[in-house]
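Engineer: Generate a structure from the sequence data that follows.
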Amino acid sequence: MNILYLKYALEVEKSKSISRAAKNLFMGQPNLSRAIKELENGLGIKIFERTSKGITPTPDGEEFLQYAKRILSQIDEVEEIYRNGKTNKQHFSVCVPRAGYLAYAFAELARSINTSSPAEIFYKETNSMRTINNVIKGEYNLGIIRYQTTFEKYFESMFVEKNLVAETITEFSYVLAMSANNPLATKDDITPEDLSEYIEITHADPYVPSLPIIDVKKAEMSEFVDKRIYVFERASQYMLLENVPNTFMWISPIPDEMLEQHNLIEKKCGFASKKYKDVLIYRNGYKLSELDKEFIANVLKAKEGISNRT
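Structural biologist: Numbers count the residues shown, from 1 in each chain. Down below sits the predicted model:
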């Protein structure tokens with residue numbers, strides 16, 4: 001594949017016009033059109049189509065252009081490294097579920113970063129689908145995914161299909177998190193009926209491979225609650241739990257320091273018997289770096305601290 005063709009395609013996407021792109025690239029329009037056609041023929045897809053808004057990418061084209069951007073970015077990075085002399089840059093990247101104990105482990109890793117050397121550290125909280133895709137595409141080296149053990153066969157099948165290494169970190173049942181000022185905080189035995197008058201905070205993007213999202217939501221969400229606030233990141237969930245006393249959330253156990261910081265309590269509920277797993281994934285053949293190993297050790301230490309408490 002001609003690297004120049006990738007640059008041409010990205011300029012067409014940016015300009016939304018073959019003629020404008022050709023002008024920006026200091027080349028003739030027929031030559032640019034011919035190059036894009038050759039690229040499409042070589043890939044076996046149609047990258048662009050004409051619309052009322054100009055030249056726009058097709059669905060296949062959008063996917064290809066994302067790859068093209070990453071390829072050119074990596075080429076630029078390699079050139080920069082060797083142009084200025086190779087440096088020992090520290091690099092770490094991980095996608096995780098929104099879990100307090102994982103954030104705690106990451107903070108421990110951040111404290112150990114050598115500030116005398118360049119570093120690029122990426123920590124992304126998202127759902128299992130995006131984590132798996134990010135690891136498969138090489139955008140992130142490590143991933144931790146969470147799933148209900150009922151759905152384990154679907155995930156195990158995907159691990160094999162996508163050539164991923166998968167290692168279980170922990171297995172747990174959700175606990176009830178709420179403000180220490182919540183009226184239910186002093187109740188010893190909380191029932192589903194007790195929660196029906198309260199507002200549940202929940203993450204809005206569960207995922208199980210090969211299952212419709214509606215079925216996944218039925219399996220994950222409380223059937224006895226009809227008032228919900230959907231959030232996508234932990235900062236909002238803690239802010240709500242801390243400041244809105246009539247809210248609650250089902251979470252994996254979190255470290256004592258985080259409970260104290262946000263004035264929260266955890267309660268085990270006998271009716272919350274579903275089991276969940278957090279599983280580490282990475283591409284088969286990928287060699288764990290020292291930072292990877294340190295992060296995994298921090299995760300296991302954080303998990304043990306919670307296990308000893310509960």
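Engineer: Give me the phi and psi for the spatially closest residue to A99 that is not a sequence neighbour.
Structural biologist: Nearest non-adjacent residue to A99, counting by Cβ to Cβ, 6 or more residues apart in numbering: S252, 5.1 Å away. Where C-beta positions appear, they are placed from N, C-alpha and C, glycine not excepted. With angles defined as degrees, to the nearest 10, S252 sits at phi -70, psi 150.
Engineer: do I265 as well
Structural biologist: Backbone torsions of I265, given as degrees, to the nearest 10, read phi -130, psi 160.
Engineer: and it, what is it in contact with?
Structural biologist: Going by Cβ atoms under 8 Å, 6 or more residues apart in numbering, I265 touches A177, M178, S179, A180, N182, A185, L259.
Engineer: Now for the third one, how many residues are close by?
Structural biologist: Other residues within reach of S179 by the criterion other Cβ atoms under 10 Å amount to 21.
Engineer: Would you mind measuring from it to I199?
Structural biologist: Here the criterion is Cβ to Cβ, to the nearest Å. By it, S179 lies 12 Å from I199.
Engineer: what do you get for the first one?
Structural biologist: Shown here: A177 relative to I199, a distance of 13 Å by Cβ to Cβ.
Engineer: joint contacts of these two?
Structural biologist: Counting by Cβ under 8 Å, 6+ apart, the shared contacts of A177 and I199 are F248.
Engineer: Tell me which of the two has more neighbours.
Structural biologist: A177 (26 against 16).
Engineer: what helix or strand does that one sit in?
Structural biologist: In this structure, A177 sits in strand 175-179 according to DSSP states H and E.
Engineer: Now, of the contacts of I265, which are buried?
Structural biologist: By neighbour count, with 16 or more other Cβ atoms under 10 Å, the contacts of I265 hold A177, M178, S179, N182, L259 as buried.
Engineer: I'd guessed the second one sits against K267; true?
Structural biologist: Yes - here M178 reaches K267: they are 7.3 Å apart, a contact under Cβ atoms under 8 Å.
Engineer: Overlap in contacts, the two.
Structural biologist: Going by Cβ under 8 Å, 6+ apart, residues that sit against M178 and also against K267 are L184, A185.
Engineer: what ranges do the strands span in the chain?
Structural biologist: 48-51, 54-57, 90-96, 119-125, 142-148, 164-172, 175-179, 199-203, 228-231, 247-251, 264-267, 276-283 (DSSP state E).
Engineer: helices or strands up against the longest one?
Structural biologist: This points to strand 164-172. On a contact count with 3 or more Cβ pairs under 8 Å, 6 or more residues apart in numbering; DSSP states H and E, strand 164-172 meets helix 128-136, helix 152-161, strand 276-283, helix 290-309.
Engineer: again, but for the last one
Structural biologist: The elements that strand 276-283 packs onto, with contact taken as 3+ Cβ pairs under 8 Å, 6+ apart, are helix 128-136, strand 142-148, helix 152-161, strand 164-172, helix 290-309.
Engineer: repeat that with 6 Å
Structural biologist: Where contact means 3 or more Cβ pairs under 6 Å, 6 or more residues apart in numbering; DSSP states H and E, strand 276-283 is packed against strand 142-148, strand 164-172.
Engineer: what pairs with it, and is each one parallel or antiparallel?
Structural biologist: Here strand 276-283 is paired, per DSSP bridges, with strand 142-148 (antiparallel), strand 164-172 (antiparallel).
Engineer: okay, these in a markdown table with distance to A103, mean neighbour count and mean pLDDT next?
Structural biologist: Shown next, in a markdown table, are the strands paired with strand 276-283 (distance: least, Cβ to Cβ, whole Å; neighbours: other Cβ atoms under 10 Å; pLDDT from 0 to 100):
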| stretch | distance to A103 | mean neighbour count | mean pLDDT |
| --- | --- | --- | --- |
| strand 142-148 | 11 | 24 | 94 |
| strand 164-172 | 14 | 16 | 94 |
